[in-house]
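**Student:** Need the 3D shape of this:
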Amino acid sequence: MFCNFGSVFAKLLFKWFEKINLKNCEVCMYSTAVLGCAWGDEAKAKIVDVLAKDADYVVRFQGGNNAGHTIKLKDKKFVFHLVPSGILYPGKTCLIGSGVVIDPFQLLAEMDGLKEQGISFENRFFIDPRAQIVLPLHCELDGKAEADSKQTNIGTTKRGIGPCYSDAVARYGIRFGDLFDKEYLKERLENIIRFHHYPISEIETVFEKLNQITDRMKPFLKQIPYLLNEATDKNILFEGAQGTLLDVTFGTYPFVTSSHTSSGGIAIGAGFGKKIDRVVGIFKSYYTRVGKGPFPTELHDEVGNKIRIQGNEFGSTTGRPRRCGWFDAVAAKYTAMINGIDEIAFTLLDVLSGFDTLKICTSYKIGDVITNQFPHSAKDIENAIPQYIEVPGWSTDITGITEYGKLPENAKKYIAKIEELIGKNVTIVSVGPERGQTIFR
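**Tutor:** Numbering: from 1, shown residues only. Predicted structure coming up:
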């Protein structure tokens, strides 16, 4: 009884403090993070696009142009690689933080394509000077590593992302702010080219190419940490790329990306030292993966192919067909924990329409041991045999449904089972790629 009274009192006290806070501060900073909680491709861009309506700043904090975000707006399709997808809303400010690696030539090409579609960047798009620059030699190194039979083949996009991050850690990298000091830039280029044993003649070639774009890039230079931490009256939305199972530390190492894709990457990748108020974890209603690496629930049969076709599961950056499988609640609970998520956005639920039975992995069998913990070793994950429960599917097309109560009963039961297994509530359900095909609970 006393414990229950204490809980009620705590809630009332919190509400009182909330009122005091609102009374003393007309508008306060509020931060939201949208994070992929599998191997990427969870339709994060769609959720970011929907939530960006209420944001002032939309921030990309890690990754490079190896990730693709696709958004459909009526008859138009927008594909993003480096530019935060919040740029589609006029008046929103989009920021690229220090944790992002930038291929400046690809970035300008992406921006030019968006400008042709009527998107303006003037005074609403900025890049932190600490962001690392992807050079042509990084792409070449990436390709060589993937082609080397003596090295682990990761299945990268060969965009130079890994080598660029490696050079940043080795302290040979070129940063965005370096582009605007010609003497220092040449010095840095000499360091990195000598480090990789490239011909010295390459210095002038790369130097000239970079100098040709500096005038275009200069207006976007801004110290992002100051902008974010001094924004006391702004709503900030952090947009993750890839997914938590690709995190360089917590993912299926070594089959991972080269950055911190989890919520912990925000502080480093954006210089934002304050607590994130709301962490939204994005989960597909099934699982997918691009590239190499373990995938316990992967389907190699006609069911997997049906999911791939109905979900149009082909990479937006490379066009590669994605590997498809059933929902993995072991991995999901792990990534929910790692990110400290507050709620779930459940995407592509419409893709599962037409299946008589759905399966959910609730534990793994590794050798003679049954476990509900996600293994730290890629070898153990590879050897994990998923243990499934079965739930009934539904046949109704749900792409036109806008109210949660109108979903088929079995679709609601499927969501309820996911909530039970992960221990978090599903607050957003996506039933199609358009903004309007979003159900808020």
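**Student:** And residue 141, what's its pLDDT?
**Tutor:** Turning to residue 141, the model gives it a pLDDT of 89.
**Student:** Where does pLDDT dip in the stretch 101-250 of the chain?
**Tutor:** Regions of the stretch 101-250 of the chain meeting the criterion pLDDT under 70 cover residues 148-155.
**Student:** Run through who's touching stretch 431-441.
**Tutor:** Counting by CB atoms under 8 Å, 6 or more residues apart in numbering, the neighbours of stretch 431-441 from elsewhere in the structure are 43, 46, 49-50, 70-74, 349-350, 398-399, 401-404, 407, 425-430. (C-beta placed from N, C-alpha, C; glycine too.)
**Student:** tally of neighbours for residue 278?
**Tutor:** 14 (other CB atoms under 10 Å).
**Student:** One more: residue 354?
**Tutor:** Residue 354, neighbours per other CB under 10 Å, totals 13.
**Student:** can you tell me how far it sits from residue 304?
**Tutor:** Between residue 354 and residue 304 the computed distance is 14 Å (CB to CB, to the nearest Å).
**Student:** What helix or strand is the most centrally placed residue in the chain located in?
**Tutor:** By CA atoms, centre = their mean, the mean C-alpha position of the chain lies nearest to residue 241, the distance being 2.4 Å. Counting by DSSP states H and E, residue 241 is held by no secondary-structure element, helix or strand.
**Student:** and stretch 392-402, how far apart are its ends?
**Tutor:** End-to-end span of stretch 392-402 (CA to CA, to the nearest Å): 22 Å.
**Student:** what's in contact with that stretch?
**Tutor:** Residues from elsewhere that reach stretch 392-402, judged by CB under 8 Å, 6+ apart: 349-350, 352-358, 407-411, 413-414, 431-432, 436-437, 439.
**Student:** Recalculate using a threshold of 10 Å.
**Tutor:** Here stretch 392-402 makes contact (CB atoms under 10 Å, 6 or more residues apart in numbering) with 349-359, 406-414, 429, 431-434, 436-440.
**Student:** pLDDT averaged over that stretch - what is it?
**Tutor:** For stretch 392-402, mean pLDDT is 97.
**Student:** Kindly list the longest strand within the protein.
**Tutor:** As assigned by DSSP state E, the longest strand anywhere in the chain is strand 357-366.
**Student:** after that strand comes which helix or strand?
**Tutor:** For strand 357-366, the succeeding helix or strand toward the C-terminus, using DSSP H and E, is strand 369-371.
**Student:** What pairs with that following strand, parallel or antiparallel?
**Tutor:** strand 357-366 (antiparallel) (DSSP bridges).
**Student:** Tell me the gap between the partner strand and the middle of its chain.
**Tutor:** Averaging C-alpha coordinates over strand 357-366 and over its chain gives two centres that are 25 Å apart (CA atoms, centre = their mean, to the nearest Å).
**Student:** again, but for stretch 72-91
**Tutor:** For stretch 72-91, the distance from its own C-alpha centre to the chain's C-alpha centre is 15 Å (CA atoms, centre = their mean).
**Student:** In it, which residues are buried?
**Tutor:** Within stretch 72-91, the residues that count as buried by 16 or more other CB atoms under 10 Å are 72, 78, 80-89.
**Student:** Same check on stretch 292-304?
**Tutor:** Of the residues in stretch 292-304, those buried under the neighbour-count criterion (16+ other CB under 10 Å) are 292-299, 304.
**Student:** Could you double-check that residue 187 sits in contact with residue 193?
**Tutor:** No - applying CB atoms under 10 Å as the test, residue 187 and residue 193 come out as separate, 11.2 Å apart.
**Student:** Give me the more crowded residue out of those two.
**Tutor:** With other CB under 10 Å as the criterion, residue 187 and residue 193 differ in neighbour count, and residue 193 comes out ahead with 20 against 12.
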